[in-house]
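Trainee: build the 3D model from these lines:
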Amino acid sequence: MKHILRFSLTLLAALYLVGAAGAQTGFPFQDEALHYTIDYSSGLSLGDASLSAHKTADGWDFTVTLDAAVAGFTIKDKYSSSTIAGYCSAELKRDTIHGAKTFSEKTTFDQEKQTAHRVTEFPSNGGFTDMNVGPCGRDAIAFLYFARKELGQGRVPPPQVVYFGSPYTVRQSYTGAQTITVADKKPEVTDHLVYTVKGPKSDFTVEVFYARDAARTPLLIKIPQTAGTLSMELVR
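Mentor: This is a model prediction of the structure:
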């Protein structure tokens, strides 16, 4: 009897360990916190960034922070996105410090009315804007996480309009597998996507190299500039 009991307990423990080892980690399976270094193509280190995702009763909360300095010019940005079911936006807050200039803005989404209300909170005379967003309007931060979830299920989202102050049209192109080296570790095969972004006064591209894990973790993000390329590299 003791041998049978010991065997049963051992079997249960083994099953638990197998289940724990096979558990999927990172977004969208559980809360996540990712940290990146920000560098210029010349090798100049500019600062760091962090991306976090927290599951809530209504959906997800996402936060992006940037802390960088360029030639003595300080950049401290914080973007907070709250979503409901379907990764549709509920609220986006943008708080930025660029040198001596401070700016704070909030966009509130009404998904039933398919509208969004953007108001500049600081400076207080910044005014407001009302926008029609269509069904399931998404801010830019919510869209980035939604795109990760879709990629993890083998899908690339179709072109759509996202909101980051102003509306921007975002198109994604999957270019295939690319092998990269991150943080001087061994080469890793990634999924390479190019985002083409067009707004009222801007037109640019962003390259993202996703790990081939279940969470499709962004390993490297590149933003081409006129004088070089800005890179965000995951710190492991």
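
Trainee: what's the burial count for the spatially closest residue to residue 160 that is not a sequence neighbour?
Mentor: In this structure, residue 160 finds its nearest non-sequential neighbour in residue 170, 6.3 Å apart by C-beta to C-beta, 6 or more residues apart in numbering. Quick note: C-beta positions are derived from backbone N, CA and C, even for glycine. Residue 170 has 21 neighbouring residues, counting by other C-beta atoms under 10 Å.

Trainee: show me the beta-bridge partners of residue 170.
Mentor: Judged by DSSP bridges, the bridge partners of residue 170 are residue 160, residue 197.

Trainee: separation between it and residue 147?
Mentor: Residue 170 sits 9 Å away from residue 147, going by C-beta to C-beta, to the nearest Å.

Trainee: give me the contact list for the helix or strand residue 80 falls within.
Mentor: If you go by DSSP states H and E, residue 80 is part of strand 73-83. Contact partners of strand 73-83, identified using C-beta atoms under 8 Å, 6 or more residues apart in numbering, comprise 47, 56, 58-69, 89-99, 138-139, 141-142.

Trainee: in it, what counts as buried?
Mentor: For strand 73-83, burial by neighbour count (16 or more other C-beta atoms under 10 Å) applies to 75, 77, 78, 79, 80, 81, 82, 83.

Trainee: and if you look at stretch 213-228?
Mentor: Under 16+ other C-beta under 10 Å, the buried positions of stretch 213-228 are 215, 216, 217, 218, 219, 220, 221, 222.

Trainee: can you get me the start-to-end distance on that stretch?
Mentor: Using C-alpha to C-alpha, to the nearest Å, the span of stretch 213-228 from its first residue to its last is 30 Å.

Trainee: from the chain's centre, how far out does that stretch sit?
Mentor: Distance of stretch 213-228 from its chain centroid, counting by C-alpha atoms, centre = their mean, to the nearest Å, is 11 Å.

Trainee: many thanks, we can stop here.
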